[in-house]
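*Asks:* I would like to see how this sequence folds:
(3 chains)
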Amino acid sequence: MKRLEPRHWIFVGLFVAIGCTMLLKIPLEIPITDQTQKMYDYIESLPEGSPLIISFDHEASSLPEIKPIALSILRHAFRKGHKLIGVALYAEGTLIGYRLMQETAAEYDREYGRDYAYLGFRPQYIAAILSMGESLEQTFPQDYLGNDFQDIEMLRTIGNYDDVAGVISIADGSLTTHWIEYGGGRYDVRILAGVTAAMVTTYDPYVASGQLNALVAGLRGAAEYEKLIDREGGGNRGMLAQSTAHLYVIVLIIIGNVAYFRSRRKGRG
Amino acid sequence: MLFPVLATTANVGWFDPDKLWTLIAALVAIVIVLYTTYHRKSRDKFKVRQIAGISAVEDAIGRATEMARPILFTPGWGGDIQRPTTIASMNFLSHIAEKTASYDCTLIYPTHDPVIMTVAQEVVRESYVRAGHADRYREDNISYVSSTQFGYAAAVDGLISRQKPASIFLLGTFEAESLILAETGNSIGAIQIAGTDSTIQLSFFIVACDFTLIGEELFAASGYLSGNRSILASVRAQDILKVIIIVLLMVAVVVASINEISGEQLLGWWGF
Amino acid sequence: MERRLPLLVCFVSGLLMFIMYFSSHPTARLINLTVPLYWQIVFAFTLIIGVASYLRNNVRGIKKGESRPYRIVSVGGFVTMVAVAAIWGIKADTPFMWIFENIQIPMQSTVFALLAFFVASASFRGFRARSIPATILLITALLILLSRTPLGNLFDFLPDLADWLRNYPSMSARRAILVGIGLGSLTTSLRVIIGIERTWLGGDK
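*Replies:* Predicted coordinates for the structure are as follows:
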């Protein structure tokens, strides 16, 4: 049998560390960050019934991290009685987005067509963002379920971005950048986002410049949002595993450096 | 009515005054790019500093040839053909393909986008013809694998694990798949040259790859490798524009500081 | 002619879209709306090229015996999904979506999860105090990581310090890189529009 290399032991260690913490249920005390608070405050401040576009800009792979973020934002928006318009700019996010909206709408007795609508997927995200800026109806003549745009009650008053209070991009990659550059830059629509932790630093410059109005970041952001809306949704539980992984990486870095200095001393000797 | 939304803006003029400053900035940039590209005198005097990644390209190709193992080149999952990074990476591909044709070294190019695949096939074919070895060109080596991010990552990882390329070029727009590919490449001991415009992925590449072209270096290196004087000269436009931006930033800092200290908007015109 | 026509189309459409950006006139908006719609239609056709090439490559590979088991799984998966979609459709609660939710999503999440393992091994290898800049990088990484764990809450200053590192030194560097990338993109795009950059046509030295 082939001998395991050090990196294989690192993998096994991480698997064991995360596996063990997933079995535990220790609630973590998580302070609310400014960006999560800003997202909450914005949704909270809108008058009841404000239309919002929720764009599911992610693939299936990131669902474990994306789902708690999406659920908490959707729950808050539905609870406040806002009208939600779902779109997907990746084919794989289409069904996931529809299921998440359906699930959360049912929790608050929201009705399809009156309180929310799901327009589905359009290929070529830049083209889709640009054409929605001109006309949502021309971009999506029918919704995901095959209904004509004009037959959906809540969409009759929606022409383009001028008629919505903002776009919330739920993303696992850089698609939010296109929303910022093309939707925000060209059509002045307010852009907010919920993204995976790995993407957070990409968006920091946009947050600082005000081009991105609020950012819910990763599982931690989801856990913070869950705390704000007082509703558990998987974020807090995931945070424990994530914190363990962070600690594990810290330990690895220390071990790596100790080994490095020992080998250097040996080399000198 | 065909487009009911448009009716509401029927009496709007042709020029949107809100975009005046954007237009001025765009025109300044265009004039500078055109000047540096077409003004023969300034174009010919211009030199590009040595970028470590460029000299490593030759070593990487030589290594693969000596080891009789393939070279793998992939442009990442995040871009499409209209993305400037993808276009810049095509100049690299063209250069590398010409060398692999001469040395009879296998070049593998998996991609997530059918259009990129078609363009890459055309680029590589032309390079093989230019090198005088059209018979060595294999269309199957430039392939579309999957449009989904981790389908693509799994396919490229599989290729790396099975074919064990001696050199790997990760040049283009990468997202979360970057570290998965770079670490797999590292585990088989391949020499890796990376370059991307995704700032977050740069940190992964710097840790896992031998050479990393940071942001604009990718564009500069691409111009350098293209061998086209006009393309290379336009790199100079970037430097001139950068100087303009630095000056504007410094003025903005001074103005903002004056406003902050005085408590008044003394130079309110800066607000554009 | 083979090269001139696409170059001309590129120049005219590039110039047109540039001009249209600065206008809110109904005609400009109509163009802004129509061009992306055609763009989407053209993209749909390019997928056919991808699928045809994918199938051809894999079938050839199976015949030649190159990575046969993997290629059989690939082609088998493709044929199954097309057949299931053709028979039952692709809406919610169809067999196509069952396969998507219960096979494709877990498989893709697994590949995504590999990232965590690779981050661990790359950190172990990469963060070594080999030089002064590497030591600064190492200390910064440790501070940021610590601030993201419950241990970070034990030290009052740590979350603020981590935020400061992210928002000032790190952000300045990223912004500088972004400006460079933006300028690189600008010049590349202009080169494409005016026709001196022709690699997208397959190269033209």
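*Asks:* how about residue 173, phi and psi?
*Replies:* All of this refers to chain A. For A:Gly173, the backbone dihedrals are phi -140, psi -150 (criterion: degrees, to the nearest 10).
*Asks:* Chain B, not that one
*Replies:* The main-chain torsion angles of B:Thr173 are listed as degrees, to the nearest 10 and equal phi -100, psi 110.
*Asks:* Is it correct that it is in contact with B:Gly195?
*Replies:* No. With contact defined as CB atoms under 8 Å, B:Thr173 does not count as touching B:Gly195 (10.2 Å). C-beta here means a position set from N, CA and C on the backbone, and glycine is covered the same way.
*Asks:* count of neighbours near B:Thr22?
*Replies:* By the measure other CB atoms under 10 Å in any protein chain shown, the count of residues near B:Thr22 is 14.
*Asks:* do the same with B:Ala26
*Replies:* Residues contacting B:Ala26 under the criterion other CB under 10 Å number 16.
*Asks:* secondary structure element for the residue of chain A found nearest chain B?
*Replies:* Going by CB to the nearest CB, chain B is nearest to A:Gly159 of chain A, at 4.1 Å. If you go by DSSP states H and E, A:Gly159 is not part of any helix or strand.
*Asks:* Measure how buried it is and give me the count.
*Replies:* A:Gly159, neighbours per other CB under 10 Å, totals 20.
*Asks:* On the pLDDT front, check it for me.
*Replies:* Among the per-residue scores, A:Gly159 holds a pLDDT of 93.
*Asks:* can you check B:Ala60 too?
*Replies:* pLDDT, the model's per-residue confidence, is 94 for B:Ala60.
*Asks:* check contacts around it.
*Replies:* For B:Ala60, the contacting residues are B:Ile71, B:Ala166, B:Ser167, B:Phe169, B:Ile191, B:Ile193, by CB atoms under 8 Å, 6 or more residues apart in numbering or on different chains.
*Asks:* Quick check: closest non-adjacent residue to the third one.
*Replies:* I take that to be B:Ser167. The shortest distance from B:Ser167 to any residue that is not its chain neighbour, by CB to CB, 6 or more residues apart in numbering or on different chains, is 3.7 Å, and that residue is B:Ala60.
*Asks:* Could you list the buried residues of the longest helix along chain A?
*Replies:* Ordering each helix of chain A by length in residues (DSSP state H) puts helix A:235-268 first. When neighbours are counted by 16 or more other CB atoms under 10 Å in any protein chain shown, the buried residues of helix A:235-268 are found to be A:235-250, A:252-253, A:256-257.
*Asks:* So for chain C, the centremost residue is which one?
*Replies:* For chain C, the residue lying nearest the average C-alpha position, counting by CA atoms, centre = their mean, turns out to be C:Phe112 (14.1 Å).
*Asks:* after the helix or strand encompassing it, next one along is what?
*Replies:* Assignment of secondary structure by DSSP H and E places C:Phe112 within helix C:105-126. Beyond helix C:105-126 on the C-terminal side, the first helix or strand identified by DSSP H and E is helix C:132-147.
*Asks:* Whether that following helix contacts chain B - can you check?
*Replies:* No. Where contact is defined by CB under 8 Å from any CB of the partner chain, no part of helix C:132-147 touches chain B; the two come within 9.3 Å at best.
*Asks:* How about stretch A:166-183?
*Replies:* Yes. Against chain B, stretch A:166-183 shows contacts by CB under 8 Å from any CB at A:Asp172, A:Gly173, A:Ser174.
*Asks:* Now do the end-to-end distance for that stretch.
*Replies:* With CA to CA, to the nearest Å as the measure, the first residue of stretch A:166-183 is 10 Å from its last.
*Asks:* likewise stretch A:148-159?
*Replies:* For stretch A:148-159, the first and last residues are 14 Å from each other (CA to CA).
*Asks:* next one: stretch A:205-219
*Replies:* Start-to-end span of stretch A:205-219 (CA to CA) is 21 Å.
*Asks:* Can you name the element that comes right after the helix or strand containing C:Leu47?
*Replies:* Assigned by DSSP H and E, C:Leu47 belongs to helix C:26-64. On the C-terminal side of helix C:26-64, the closest following helix or strand by DSSP H and E is helix C:68-88.
*Asks:* right, is that following helix up against chain B?
*Replies:* Yes. With CB under 8 Å from any CB as the measure, helix C:68-88 is seen reaching chain B through C:Tyr70.
*Asks:* Looking at B:Thr173 and B:Gly195, which is more packed in?
*Replies:* Neighbours per residue (other CB under 10 Å) separate B:Thr173 from B:Gly195, with B:Gly195 holding more: 29 against 21.
*Asks:* Let me know whether the longest helix of chain A sits next to chain C.
*Replies:* Yes. On the criterion CB under 8 Å from any CB, helix A:235-268 is in touch with chain C at A:242-243, A:245-250, A:252-253, A:255-257, A:260-261.
*Asks:* And the strands in the stretch 1-150 of chain B, which stretches?
*Replies:* Counting by DSSP state E, counting those that start in this stretch, the stretch 1-150 of chain B forms strands over residues B:71-74, B:107-111, B:142-144, given from the N-terminal end onward.
*Asks:* In chain B, spot the helix with the most residues.
*Replies:* Counting by DSSP H, the longest helix found in chain B is helix B:229-262.
*Asks:* Show me what that helix is packed up against.
*Replies:* Where contact means 3 or more CB pairs under 8 Å, 6 or more residues apart in numbering or on different chains; DSSP states H and E, helix B:229-262 is packed against helix B:20-38, helix B:40-45, helix B:216-226, helix C:171-194.
*Asks:* can the ones you listed go into a markdown table with extra columns for distance to chain A?
*Replies:* Putting the helices and strands packed on helix B:229-262 into a markdown table (distance: least, CB to the nearest CB, whole Å) gives the following:
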| stretch | distance to chain A |
| --- | --- |
| helix B:20-38 | 9 |
| helix B:40-45 | 31 |
| helix B:216-226 | 16 |
| helix C:171-194 | 5 |
